[in-house]
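[1] let me see the structure of the following:
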Amino acid sequence: MLSKFCASPSSGFCGHGNGNHPLCRFGYASRYDKPRFRIVGQSLGDRWKLNDVDANAVQEKLNSWLLKTQSFLSEVTSPLVRTSQSGKPVTRDAFETQDMDDIFMAEQTINSRTPNGILSLAAIVSVEQFSRMNGLTGQKMQKIFKALVPESTYNDARNLVEYCCFRFLSRDASDIHPSLKEPAFQRLIFITMLAWENPYQEHLASGSEKASFQRKLVREEAFVRLAPAISGVADRSTVHNLFKALAGDEQGISLSLWLTYVDELLKVHEGRKSYQIRESLNLSEERILCIGSSRKRPVLKWENNMAWPGKVTLTDKAIYFEAAGLFGQNDSMKLDLTRPGLRVEKAKVGPFGSVLFDSAVCISYGPESKDTWLLEFVDLGGEMRRDVWHAFISEIIVLHKFIGEYGPKEDDESLFHVYGAHKGKERAITSAINSIARLQALQFMRKLLDDPTKLVQFTYLQYAPYGDIVSQALAVNYWGGPLISKFIEEHNPPAQGARPSSEMIESSNHVFDIDGSVYLHKWKTSPSWASSASVSFWKNASIRQGVVLSKNLVVADSALVERAAGTCKQKSQAAEKTQATIDAAMLKGIPSNIDLFKELLLPLTIIATRFEKLRHWEEPHLTISFLAFSYTIIFRNLLSYIFPTALIILATGMLTLKGLKEQGRLGRSFGMITLRDQPPSNTIEKIIAVKDGMRDVENYLQSLNVTLLKIHTIILSGQPQITTEVALVLLSSATVLLTVPFKYVLAFLIFDLFTRELEFRREMVKRFIDSLKERWDTVPAAPVVVLPYGSNESTPEPDRKGNKDVEKSEKSDRSNNSV
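    The predicted model follows:
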């Protein structure tokens, strides 16, 4: 068959002289240019003798292909909606489907018969088109891939689809892939997802049948694998949440929804360019991400119970507010978001100190901070605007926290020992900017999750299980690069991660990415690197099986960030299942009086507060005196006198107060519980206050019930593994108490209690408590059954009819609930 027309790596293949036309890159010819074809004598290393070519056959093939191309382009350039003979409007997509299939399948060079089956239409289209965009034929690409990988990897057509796609994508390192602007490329990516999901034909279709890509859906697995490979479309950490937001209640993502998402994403980036041009004089060193100002959707800044409307501008470093005046905008106020300790929280605002409107965010350094911003985002058309802006601001704050924790210092000379490491901070900022852009696109599409923070990378990883490990992988990805000069540190542990060569292993002791990029050991300043989960992950990170095209694109295998994100997703799903059991165990409707409860607990609160001051060594002389008194009692064998002495002191105090009261020296109000009334408020505010109080007590009781239900699960062996661990701890404790004198045990406990906050033990205690908390969170709550009102049965009716079936189901449930 004739070699390709005007084949080149930059233009793919085209049917006319101008290879720079955007549609030309995907096999489309412009209808405004004359179709000029030229036959090259040498292509891709294959030599052709022009005298041996049948000119009539070539001309017939070219005319056939040109006819299909012009027919397709006439449909593309026609109006979006047409009217059929019956008078009903018909969308353009209905006409495009068959023509698009024909134009993509103008020529097939690969062998569709494979050891595992016949390639599907989507797989053939994807391989052929990406091969041409790489400057090769599908057949040539197939041969190259066969020479690179083992036979088992080659036999899986999914890997061939990955190789052709990833090889083209690896040629560009832009923040947003430039080909995304081309509609043909957008459709080709969708077809590639379909090809990855179903690389083989499910059944043999007749010759007259045409597969319609319009009616097919891309499932989660294919979207999660391929979407993050395209710069700017998704990231590995939150791509599964992005799929949930786009798909909604559907089983997958359709072509129209995919095109809409990409179109909205490109509009967001184009809008940022216009923002940057307008504000270039004032914010030349910052990138504007979004601006909030509209008559229908105003932004209010609350100060001293007064609300000031204005314009909010969010950049990659700060947030600005320009109050609206009678003669235009006033001078803007700035809040730096790069400073450590800053946090953003959802808040309620209202006139005169009330909390009527749940539509604000509070940016501050703590409850008592003076530099606090209270911004209300009014949204007359929905309820998600405040939540979206909360995610925006939180992402920028957590971004700079990530840079400070995992990135090297800006004045660190070792940045110049690793090629490209000085661009690591910029890569992290770009990743956060793209996350915010995707969230904006979903907001315009009205495709948001209940919690938008799950759609922005760094904020999501801050609270997600295994998020620290994903952050470490991202740090290696951003700051890692080839080692360009000899860099030796003293007292370095063995190297972690994928090791590029034996020579590198002998001379280095740093962390390596899957492509051999180096992340220096001295940059590992975060405490998370010392966790057991981190050590285990980087110990197994050296396993590599596929073809590495870049640190983010690996054929038939996963990049390090993708591996860590996959584990994070699995742990998040396990945590959600455990949380579902806890939510099911929460019973509502228990009112109480919060103020009286707090007043009754006031003496115990004061004692606990003063004891905490002693434990934190706020007044060292008092702490030393208390410890000296305690250890004197312990080692002088006076413990047996403590309890009787306490009873004597309590009885003496009670009798003394009785005598003073009988003498009238304490006053008539002594012993009365005094509560201060709430400030004057209207009926609505009182109802809200009562509701808030009931919710607080209800939440406390729910937490207490969940704790008791978890203890119930542990004691009754609802989780056999955890029950075994707790039993072993109890047996060990009993053994210690039986073999070691009690005074030494008590002395050790006091020593442990008063040294936890000291510098030499603080990090160790924190890691131990975090591990216990993580283990406790995996314990499911015992099931709770609520019987109908008035029922005297001890068990539900269906359960009494078949006790054997119940026993079997309980055993299976217990085995399935194990984490």
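[2] secondary structure class for Val784?
    The assignment at Val784 comes out as coil when based on DSSP: H, G, I helix; E, B strand; the rest coil.
[3] how about the nearest residue to Lys613, chain neighbours excluded?
    Excluding the flanking residues, the one nearest Lys613 by Cβ to Cβ, 6 or more residues apart in numbering is Glu619, at 6.7 Å. (Each C-beta comes from the backbone N, C-alpha and C, glycine too.)
[4] whoops, I mixed them up, His616
    Distances taken as Cβ to Cβ, 6+ apart place Glu757 nearest to His616, at 5.2 Å, with adjacent residues excluded.
[5] so that neighbour is in contact with Leu614, correct?
    No: here Glu757 does not reach Leu614: they are 11.0 Å apart, not a contact under Cβ atoms under 8 Å.
[6] show me which of the two is the more surrounded one.
    Neighbours per residue, other Cβ atoms under 10 Å: of Glu757 and Leu614, the larger number sits with Leu614, 18 against 13.
[7] which residues of the stretch 451-600 of the chain score low on pLDDT?
    Scanning the stretch 451-600 of the chain for pLDDT under 70 picks out the ranges 485-508, 582-596.
[8] can you rerun that using 90?
    483-510, 515-516, 530, 532, 539-546, 571-600 (pLDDT under 90).
[9] with the stretch 51-200 of the chain instead?
    51-109, 111-112, 115, 173.
[10] show me the strands in it, by range?
    Using DSSP state E, counting those that start in this stretch, the strands of the stretch 51-200 of the chain run over 81-83, 89-91, 113-114, 117-118.
[11] returning to what we had before: if I look at the residue nearest to Lys613, what pLDDT would I see?
    With respect to pLDDT, Glu619 scores 86.
[12] in this structure it contacts Glu612, no?
    No: the pair Glu619 / Glu612 is not scored as a contact, 11.8 Å apart, by Cβ under 8 Å.
[13] overlap in contacts of those two?
    In terms of Cβ atoms under 8 Å, 6 or more residues apart in numbering, Glu619 and Glu612 are not both contacted by any residue.
[14] that older thread, just to be sure, the residue nearest to His616 is in a helix?
    No: using three-state DSSP, the secondary structure at Glu757 is coil, not a helix.
[15] that one: what's it in contact with?
    So Glu757 contacts Arg615, His616, Trp617 (Cβ under 8 Å, 6+ apart).
[16] which among these gets closest to Asn434?
    Distance ranking of those against Asn434, using Cβ to Cβ, places His616 first at 43.1 Å.
[17] just the pLDDT at that closest one, thanks.
    Listed pLDDT for His616 reads 84.
[18] what about it, how many residues nearby?
    His616 has 13 neighbours, counted by other Cβ under 10 Å.
[19] excluding residues flanking it in the chain, which one is nearest Asn434?
    Gly232 (5.1 Å).
[20] what's the answer for Phe130, then?
    Spatial nearest neighbour of Phe130, excluding adjacent residues (Cβ to Cβ, 6+ apart): Cys164 at 3.9 Å.
[21] from Ile110, how far off is the one you found?
    Distance, Cys164 to Ile110, by Cβ to Cβ, to the nearest Å: 10 Å.
[22] compare the two (neighbour count), which wins?
    Of the pair Cys164 and Ile110, Cys164 is the one with more neighbours under other Cβ under 10 Å, namely 30 against 22.
[23] for the most far-flung residue of the chain relative to its centre, what are its contacts?
    Using Cα atoms, centre = their mean, the residue of the chain lying farthest from its centre is Gln663. It sits 69.1 Å away. Residues near Gln663 by Cβ under 8 Å, 6+ apart: none.
[24] switch to numbering from 54
    Sure, I'll start counting at 54 from here, so that last one is Gln716.
[25] which phi and psi does it have?
    phi -80, psi -10 (degrees, to the nearest 10).
[26] for stretch 302-312, what is the distance to the chain centroid?
    The chain centroid and the centroid of stretch 302-312 are separated by 21 Å under Cα atoms, centre = their mean, to the nearest Å.
[27] equivalent analysis for stretch 771-787, please.
    Computed by Cα atoms, centre = their mean, the chain-centroid distance of stretch 771-787 equals 35 Å.
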